[in-house]
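>>> Give the three-dimensional model of this entry:
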Amino acid sequence: MSAARGARTSRRLWLGVVSASALSLASSIGLGQSFDSTPPPNGVLSIDAFAEPDGRDLPEPDLRIDRFGARLTVFHQTGRGYQSQADVDASGRGSEFVFIANPVIYTHLTQRDGITHDVYLPIDILTSASTDALDVVSTASRDNESFTLDGTTTIPDGDDSRFLVHWGAHVEEELKAGMGGLGVSLDFADDNAQLVLMADAVVDIFDPVQYNGVDLGLTERVTMSINGTFSQLLSETTTLSLGLGLTGQIGTIQTPWNSVPLAGGGGRSADLFPPSRLRSAASIRLAQAIPQSRTFLQAGYRFYADDYGAIAHSVEGMVTQYLSDDFWIRGSYRYHTQGAPFFFMTEFPRTAWVRTYRTADSDLAALDLHEISAGLRYFYDRQGQASDRSGYVELGYSYYGRSNSLEIHMGTLGFQTAFW
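Just a heads-up that it's a prediction; the model follows:
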């Protein structure tokens, strides 16, 4: 085997096994995947396993389901923030209690001409204290559901390039959104390097019900982003990835039902953001395999800044350890620190101009957070070397805690099965 061919084989193994979680965006849009025109000998019956009465094989279907998966995540959030008016305590902070059940269905489809589709259908079923506080008599705002259809179509253009089409929609009680984007994926240096460029747009149309229940009619928000990711195989066991993104927003950017307590008590004022926002982010990630012990390490850093004056830094690390051919365990840790935008405040002066920008949203406060996750995966159908085609069952838990009292506990149960 030549060095270049060995590096290509190692890259497929590395990107398929090691980076399945850290490069979830890349895997979700089908980057770096190759699909054979005929199914591998994996023991799974397919349409080609049956013959017509005259002995001829049935033709390959125009569209086939390669993989199907589902995941259920349960979120339990507690904490207090000045933007909430639910069960306000003596310090002026309201409850941020949220309970969310989030099932996600995923499927990967391949057309006969090699075009692939990755389709996600997340559903959020949530109970929230802060939104329920809008109701004076009923609890109609406590429970809500949302549905999202998120798909990416990958169109091959030769051996080393692909066009990407991102499409989708989101529907919930007070908001409707449509999304779309175009991109390209290019391979270089005998498939040892990859560049992905994407441009996306999201249009939100929603009902900005205010903190006091006043309905101002429909409004909108437009979000446009440009993102680029470059991945380079440094050796047969080491991968470096660099990312850069720029996002712009115009329209009604604030959460409409959030509010700021008035100074001295006895009232509130609605959040008010500038009519536009420009956000930027840069990231670097290093992945290292240790074949002798079947250990896979990842480390990453992300920098964020926007024109509101908020700056954030995130560092994270992940360890994946194979216990056997069919089991791995994974642990990860993330630390995040951020500054607040220039208009963050915990009380609004009564003498301030009514058009003064303001928010007390605890998500935008200066804070530190720690996130710890652990997972166990069992491959019930590896189909050879474990990869994104393998069938598995996974159990996971995450803890997310912030310095301003908010805590989230997350439990996850997921599976995937492959047909080809």
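>>> and the helix or strand where Leu234 lies, what's its mean pLDDT?
Leu234 belongs to strand 219-235 when elements are defined using DSSP states H and E. The pLDDT scores in strand 219-235 average 97.
>>> Parallel or antiparallel, list what pairs with the next helix or strand after that strand.
The helix or strand immediately downstream of strand 219-235 is strand 238-251, counting by DSSP H and E. Sheet pairing of strand 238-251 (DSSP bridges) gives strand 219-235 (antiparallel), strand 276-290 (antiparallel).
>>> Could you check strand 238-251 and say which residues are buried?
For strand 238-251, a neighbour-count test (16 or more other C-beta atoms under 10 Å) marks Thr238, Thr239, Ser241, Gly243, Gly245, Thr247, Gly248, Gln249, Gly251 as buried. No exception for glycine: its C-beta is placed from N, CA and C like everyone else's.
>>> Touching, the first one and Ile290? I think so.
No - contact status for Thr238 versus Ile290: not in contact, 10.5 Å apart, counting by C-beta atoms under 8 Å.
>>> Can you add pLDDT and distance to Gly267 and give the buried residues of strand 238-251 back as TSV?
Shown next, in TSV, are these (pLDDT from 0 to 100; distance: C-beta to C-beta, whole Å):
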residue	pLDDT	distance to Gly267
Thr238	97	58
Thr239	97	55
Ser241	98	49
Gly243	98	44
Gly245	98	39
Thr247	98	34
Gly248	98	34
Gln249	98	29
Gly251	96	27
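>>> one step back: distance between the strand holding Leu234 and the chain's centre?
Counting by C-alpha atoms, centre = their mean, to the nearest Å, strand 219-235 is centred 12 Å from the centre of its parent chain.
>>> quick one: contacts of it?
Applying C-beta atoms under 8 Å, 6 or more residues apart in numbering, the contact partners of strand 219-235 are 7, 10-11, 14-15, 23, 25-26, 192-208, 239-253.
>>> ok, back up a step: closest to Gly339 out of the buried residues of strand 238-251?
Thr247 (18.1 Å; C-beta to C-beta).
>>> I'd guessed that closest one sits against Ser280; true?
Yes - the pair Thr247 and Ser280 qualifies as a contact (C-beta under 8 Å) at a distance of 7.5 Å.
>>> hang on, the earlier thing: alpha carbons only: can I get the strand holding Leu234 in PDB?
Once non-C-alpha atoms are left out, strand 219-235 reads as follows in PDB (Å, rounded to 0.1, in the frame of the first residue of the first chain):
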ATOM      1  CA  THR A 219     -42.800  40.700  13.100                       C
ATOM      2  CA  GLU A 220     -39.800  39.200  11.500                       C
ATOM      3  CA  ARG A 221     -36.100  38.400  11.800                       C
ATOM      4  CA  VAL A 222     -33.600  37.600   9.100                       C
ATOM      5  CA  THR A 223     -30.400  35.700   9.800                       C
ATOM      6  CA  MET A 224     -27.600  35.200   7.300                       C
ATOM      7  CA  SER A 225     -24.400  33.400   7.800                       C
ATOM      8  CA  ILE A 226     -21.200  32.400   6.000                       C
ATOM      9  CA  ASN A 227     -19.100  29.500   7.400                       C
ATOM     10  CA  GLY A 228     -16.000  27.800   6.400                       C
ATOM     11  CA  THR A 229     -14.200  24.700   7.700                       C
ATOM     12  CA  PHE A 230     -10.800  23.400   6.700                       C
ATOM     13  CA  SER A 231      -9.600  19.900   7.800                       C
ATOM     14  CA  GLN A 232      -6.100  18.600   7.300                       C
ATOM     15  CA  LEU A 233      -4.700  15.200   8.000                       C
ATOM     16  CA  LEU A 234      -1.400  15.900   9.700                       C
ATOM     17  CA  SER A 235      -0.500  12.200  10.000                       C
END
